[in-house]
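Colleague: Provided below for reference: sequence and predicted model.
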Amino acid sequence: MRGPIRQQLRTFVAGAAALPAVILLASVGGGAGAIPGEAHRAFAPDGAWCWFADPRAVFVGGPIGKVFAGWVDSAGSITVGCLDPQSGTIVSTVLHDRFEKDDHANPALLALPDGRIAAFYSAHGGSQGMRYRISSKPGDIADWSEEILLDTNTGGPRGYCYANPYRLEKEKGRIYLFWRGGDFKPAVSWTDDLKTWAQARTLIASDEDNRVRPYVKYDSNGAERIQIAFTDGHPRNEAANSIYYACYRNGAFWDASGRKITDMAGLPLLHRQSDLVYDGRKPGIRSWIWDIAADREDCPVIVYTRLPSESDHRYHYARWTGRSWEDHQICAAGPWFPRTPEGKTEPEPHYSGGIVLDHGDPSIVYISRRIEGVFEIERRQTRDGGATWTVEAVTSSSARDNVRPFVIRRHPKDGPTVLWMTNENYVHYTNFKASIRFR
């Protein structure tokens, strides 16, 4: 199958007036150098994404030197864009026109060694399959392969959702693909040629309640390991939703201390076998996972939300010290961000503004929190493992909410770093109008 390709070209002057000239550190959300979110440059004038299909944006260095990002627009079209930081030119290509109007359908991108891009996407619980396309030329998104259907899934009626592809150089370039499978649980398969895939298997299950559906975030160094942070289930359904950790390396899964949990043949992982990072049963406060990375000592760092109430979301920073998990609250984030219609009950009250780690330096986080009625983006950094933070406003005095920040994987030090959604109107994951902005 081949979805129609539509290409757009948008050219900006590098260093245009929309870019902030100076960013000042501030102890609170404001900052003299920050500008409104809608005044930042648009990577996508019409685009949105959820936070469980990643990577959403990658930088390909060397002679290519470009940023690639993926999103779904308000018509449901699956789109990939390319930014040349040197010229300021942005090109975007539609991989599948009017696929599904649902922000869960955003593509996840994998940069291949030769500079081509593989884009994976599915509908939200898509019974029609997981799809992927591969760009034909390095650093160029004008032409793509035929649309390919993944030919494996776990058993059950739930289809596919949340693609996460990672390539391991030390496994001869084997590509692992994670998603939510037919049994409503995380699934995994792998390929050595992007043609033939191993039989899908369930990655995580519960030995206590088979109805739970863990939510997962992944991180890989691209060499030999893939880190996994996951929950019991959805906070809507799990009053004590907790956070767990495991790491894949050398054909097996390990906890943070280096204890072997199981090999690939022993899947699925069980919650009780894995590291318990945050136990929601003790304080009786549910949580939700947001991101995972590794610090300079190759120890895991996790950010997540605790949800004392639906209108009180708290960002937390947990890291493995080498002996134990240390956990600090970063800040209060406010309530959910969808704009609930008057007289209606919010269906997604656990949708925080969002928090993400800089995977190149996870002492840095980008958060979205409500300030004077509007969600703004901040950059925060810690020098003491999360106990204290410096704060820098990225957006300020915005007219529209700025949410779901994402740090470009392997971003250059002198190039674009963070992208986020600026909402014109976000009512529901099937009813939205937003843009993808960056500084």
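Modeller: Ah, there it is. Residues are numbered from 1 along each chain as shown.
Colleague: Can you show me the strands along the stretch 1-150 of the chain?
Modeller: Assigned by DSSP state E, counting those that start in this stretch, the strands in the stretch 1-150 of the chain fall at 6-11, 25-26, 41-44, 57-60, 66-72, 78-83, 89-96, 108-111, 117-121, 131-137, 140-144, 148-149.
Colleague: what angle do the longest one and strand 131-137 make?
Modeller: The directions of strand 89-96 and strand 131-137 differ by 140 degrees, with axes from the mean of the first three to the mean of the last three CA atoms, to 10 degrees as the criterion.
Colleague: Walk me through which strands strand 89-96 pairs with, and which way each runs.
Modeller: Strands that pair with strand 89-96, judged by DSSP bridges, come out as strand 6-11 (antiparallel), strand 78-83 (antiparallel).
Colleague: Go through the ones you listed and find the least confident stretch.
Modeller: Lowest mean pLDDT within those: strand 6-11, at a mean of 47.
Colleague: who's in contact with the residue nearest the centre of the chain?
Modeller: The C-alpha lying nearest the average C-alpha coordinate of the chain belongs to Trp51 (CA atoms, centre = their mean; 4.0 Å). With contacts defined as CB atoms under 8 Å, 6 or more residues apart in numbering, the neighbours of Trp51 are 290, 354, 356, 404, 406. (C-beta placed from N, C-alpha, C; glycine too.)
Colleague: With respect to Met130, which of the residues you listed is nearest?
Modeller: Phe406 (21.0 Å; CB to CB).
Colleague: if I look at the nearest residue to that closest one once chain neighbours are set aside, how far off is Thr388?
Modeller: Counting by CB to CB, 6 or more residues apart in numbering, Phe406 lies nearest to Arg56, which is 4.9 Å off, once chain neighbours are set aside. For Arg56, the distance to Thr388 equals 29 Å [CB to CB, to the nearest Å].
Colleague: The two - which one has more neighbours?
Modeller: Arg56 (24 against 11; other CB atoms under 10 Å).
Colleague: pretty sure that one is in contact with Phe68, am I right?
Modeller: No. Using CB atoms under 8 Å, Arg56 makes no contact with Phe68, being 9.8 Å away.
Colleague: Between those two, which contacts overlap?
Modeller: Between them, Arg56 and Phe68 share the contacting residues Leu109, judged by CB under 8 Å, 6+ apart.
Colleague: so what's Tyr304 bridging to?
Modeller: Ile289, His316.
Colleague: before we move on, what about Ile371?
Modeller: Counting by DSSP bridges, Ile371 forms beta bridges with Val374.
Colleague: quick one: the residue nearest to Pro45 when sequence neighbours are not counted and Ala293, what's the gap?
Modeller: In space, and not counting its chain neighbours, Pro45 is closest to Ser435: 5.3 Å by CB to CB, 6+ apart. According to CB to CB, Ser435 stands 26 Å off from Ala293.
Colleague: Arg225 now?
Modeller: From Arg225 over to Ala293 the distance is 12 Å, taken as CB to CB.
Colleague: neighbour count winner among those two?
Modeller: Using other CB under 10 Å, the more surrounded residue of Arg225 and Ala293 is Ala293, with 24 against 18.
Colleague: From the contact counts, what lies against the helix or strand that contains that one?
Modeller: Assigned by DSSP states H and E, Ala293 belongs to strand 286-294. The contact analysis (3 or more CB pairs under 8 Å, 6 or more residues apart in numbering; DSSP states H and E) places strand 286-294 against strand 216-220, strand 225-231, strand 243-249, strand 300-309, strand 355-357.
Colleague: Same list, those strands, but as JSON lines with distance to Ile364 and mean pLDDT please.
Modeller: Shown next, in JSON lines, are the helices and strands packed on strand 286-294 (distance: least, CB to CB, whole Å; pLDDT from 0 to 100):
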{"stretch": "strand 216-220", "distance to Ile364": "15", "mean pLDDT": "98"}
{"stretch": "strand 225-231", "distance to Ile364": "18", "mean pLDDT": "98"}
{"stretch": "strand 243-249", "distance to Ile364": "20", "mean pLDDT": "98"}
{"stretch": "strand 300-309", "distance to Ile364": "10", "mean pLDDT": "98"}
{"stretch": "strand 355-357", "distance to Ile364": "7", "mean pLDDT": "98"}
